[in-house]
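**Q** just the structure for this:
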Amino acid sequence: MPFSISAVFFSGSVCLCLVLNLTCGFSAADESDHPAEVQADAGPPELDRLIRELQHEQADSRRDALNALAKCGAGALPALSAMTTALQDESPEVRATAALALGLLALEPKSVLPKLIDRFDDQAIVRTDDGVGEVWYYAAQAVARYGDAAVPSLIELLKQDRPQRRIAASLTICLMGPQAKDVLPALVDALRSSDLDTRRPALMSAMLCLGTEAKPAMPLMIEFLDDQDFHTQYWACRVLGAIGPDARVAVPKLLPLVQTGVGSVRRNAAAALGKIGPDIGPQSRDVLIQALNDSLQPVREEAAIALGRLGEFAQPAVPALEELLKDESNFAARSRGAEALWRLNPQSPTPLRVLLAQVQSEEEAETAAVILGQIGNELGAAAPLTGLLDSPQPRTRLHAAWALGLMGKNTQRANEVLKGFLDHPEPEYRDEAEIALSQIRNRIDRSNP
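**A** Next up, the predicted model:
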């Protein structure tokens, strides 16, 4: 069951990196996998059989029954008691599957939510084909499916000085996003009272996922910019960037961090300034221009992105961006510089030339592919990219196809090229092809709601 989570959580020795569209390697099927007729067919005899299967001695059989019940919609109501009992099964995989199944059904929140939340303390390892997780992580996914009904419980969890429960609540908030905005006062209090390991990244990730709804927390985020812990500064910069133009009051604190913070802080302070927009003022714009010469590539890259976001206000950055593009060691920063230069000077032939060269490079070519996928139609990149599909260099073919697929040009052949890499002997090629195909599918889904 796929979930998109924009955060990175640490739980004990297990790192759950949830930044892309991760897929749980087992679980109850998503709603798109069970049509209405499947739900309608689960009458009493079949339901009784599935409930009996929950007592089967084989854990796989119990999981199969839970997966089937997850497809029954409201018809699974008579099985709800047996399904919640499965949350205490001896098998961690069964407990996790039960949580996911209950989340898909989202029935009877008053009785089911407390039982799901009891699993927030369950740190038993769940092994899947894709790796390992912990039971609480799947329970958090389930609670998030209850939407508004889960918010009061999340508020209570944030009030408890129990790090593991606060971490699980934070993941749930991340899954819900701005829908969980009413947790904000409790989240602010939890941030003030939590230890550093809980504050970062869990609670700060939750704040970030609230997006512009986090605006009332700006005073605390600005306070955190002065924190001695650079991780806290890093997350505060990200939250202020997510708040956007309304965070302009933070500019005086962000400005010195672009110049003197540690690398990750410099990068995210620059990003925040770009997201706040032209109201940052000339001094901040000039600091971003200076950051194009930072010693770290990620900082140079983010400074270029930020300047591109500033539009006409950033015109004085054009000469510095052109200089950035002359340094062929900059890789991703060079690609971002080309994008920024196009945004500030759409008539310049330089961005297309640089991005096409980057697509054919051995390093950071994926960045150029994604950028071309976003702006390639305006640059007239379709013809040269199509020509690169016949390149003798595998990486060039892969990234040209990636860009064309995102552009919506020559998509059939681009997809054929990418699918050809799914069986490549080198994992790096397989992984990039999977990411490219996923991004192309997402583009198509967005254009055909």
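**Q** where along the stretch 51-200 of the chain do the strands fall?
**A** Here the stretch 51-200 of the chain has its strands, by DSSP state E, counting those that start in this stretch, at 125-128, 131-134.
**Q** would TSV of the ones you listed with mean neighbour count and distance to Cys237 be doable?
**A** (C-beta placed from N, C-alpha, C; glycine too.) Formatted as TSV, the strands of the stretch 51-200 of the chain follow (neighbours: other CB atoms under 10 Å; distance: least, CB to CB, whole Å):
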stretch	mean neighbour count	distance to Cys237
strand 125-128	16	34
strand 131-134	18	29
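**Q** including distance to Gly261 and mean pLDDT, could the ones you listed go into a markdown table?
**A** Output for these, formatted as a markdown table (distance: least, CB to CB, whole Å; pLDDT from 0 to 100):
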| stretch | distance to Gly261 | mean pLDDT |
| --- | --- | --- |
| strand 125-128 | 37 | 87 |
| strand 131-134 | 33 | 86 |
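**Q** relative to Glu364, which of those is closest?
**A** Among the strands of the stretch 51-200 of the chain, the nearest to Glu364 by CB to CB is strand 131-134 (26.2 Å).
**Q** I figured Arg200 hits Asp227, correct?
**A** No. Using CB atoms under 8 Å, Arg200 is not in contact with Asp227; the gap is 9.9 Å.
**Q** of the two, which one has the most company?
**A** Arg200 (22 against 16; other CB atoms under 10 Å).
**Q** what's the separation between the more buried one and Phe120?
**A** Distance, Arg200 to Phe120, by CB to CB, to the nearest Å: 19 Å.
**Q** what is the end-to-end distance of stretch 272-286?
**A** 15 Å (CA to CA, to the nearest Å).
**Q** what's the answer for stretch 317-335, then?
**A** End-to-end distance for stretch 317-335, by CA to CA: 16 Å.
**Q** can you list the residues that contact it?
**A** By CB atoms under 8 Å, 6 or more residues apart in numbering, the residues outside stretch 317-335 that reach it are 285, 288-289, 292-293, 297-298, 300-301, 304, 307, 310, 337-338, 340-341, 344-345, 350, 354-355, 358, 361, 363-364, 367-368, 371.
**Q** in ChimeraX, how would I select the buried members of those residues?
**A** Buried subset of the contacts of stretch 317-335, written as a ChimeraX selection, criterion 16 or more other CB atoms under 10 Å:
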select :285,288,289,292,297,298,300,301,304,307,310,337,338,340,341,344,350,354,355,358,361,364,367,368,371
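**Q** in helices, which of the contacts of stretch 317-335 appear?
**A** 285, 288-289, 297-298, 300-301, 304, 307, 337-338, 340-341, 344, 350, 354-355, 358, 367-368, 371 (DSSP state H).
**Q** so where is this protein shaky, pLDDT-wise?
**A** Flagging of the chain using pLDDT under 70 yields the residue ranges 1-43, 129-130, 449.
**Q** quick check: the closest residue to Arg127 other than its chain neighbours vs Gln55, distance?
**A** Closest residue to Arg127 apart from its sequence neighbours, by CB to CB, 6 or more residues apart in numbering: Glu93 at 7.2 Å. Distance from Glu93 to Gln55, counting by CB to CB: 16 Å.
**Q** between these two, who's got more neighbours?
**A** Neighbours were counted for Glu93 and for Gln55 using other CB under 10 Å; Glu93 has more, 21 against 12.
**Q** now do the same contact list for the more buried one.
**A** Residues in contact with Glu93, defined by CB under 8 Å, 6+ apart, are Phe26, Ala59, Arg63, Val126, Arg127.
**Q** between those, which is closest to Glu223?
**A** The closest of the contacts of Glu93, once distances to Glu223 are taken by CB to CB, is Val126, at 37.9 Å.
**Q** my guess is the closest one meets Gly133, correct?
**A** Yes. In this structure, Val126 is within contact of Gly133 by CB under 8 Å, at 4.8 Å.
**Q** intersection of neighbour lists for these two?
**A** With CB under 8 Å, 6+ apart as the test, Val126 and Gly133 both reach Ala96.
**Q** would you mark the buried spots in the lengthiest helix in the chain?
**A** Taking DSSP H as the criterion, the chain has its longest helix at helix 427-447. Residues of helix 427-447 classed as buried: Tyr429, Glu432, Ala433, Ile435, Ala436, Leu437, Gln439, Ile440, Arg443 (neighbour count, 16+ other CB under 10 Å).
**Q** just stretch 140-158 next, same as before
**A** Within stretch 140-158, the residues that count as buried by 16+ other CB under 10 Å are 140-146, 150-151, 153-155, 157-158.
**Q** cool, and stretch 384-392?
**A** Pro384, Leu385, Thr386, Leu388, Leu389.
**Q** out of these, which sit inside helices?
**A** When these are checked against helices (DSSP H), the matches are Pro384, Leu385, Thr386, Leu388.
**Q** which of these sits closest to Asp182?
**A** Leu385 (46.7 Å).
**Q** contacting residues for that closest one?
**A** Taking CB under 8 Å, 6+ apart, we find Leu385 in contact with Leu356, Val359, Leu372, Gly376, Ala400, Ala403, Leu404, Met407, Lys409.
**Q** Leu240: which of those is nearest?
**A** Leu372 (30.1 Å).
**Q** so how far is Ala382 from that closest one?
**A** Taking CB to CB, one finds Leu372 at 10 Å from Ala382.
**Q** try Trp342
**A** 16 Å.
**Q** now Gly274
**A** 29 Å.
**Q** give me the more crowded residue out of the two.
**A** The neighbour comparison of Gly274 against Ala382 (other CB under 10 Å) goes to Gly274, with 23 against 17.
**Q** list the residues that contact that one.
**A** Gly274 neighbours (CB under 8 Å, 6+ apart): Gly241, Leu288, Glu302, Ile305, Ala306, Leu307, Gly308, Arg309, Leu310.
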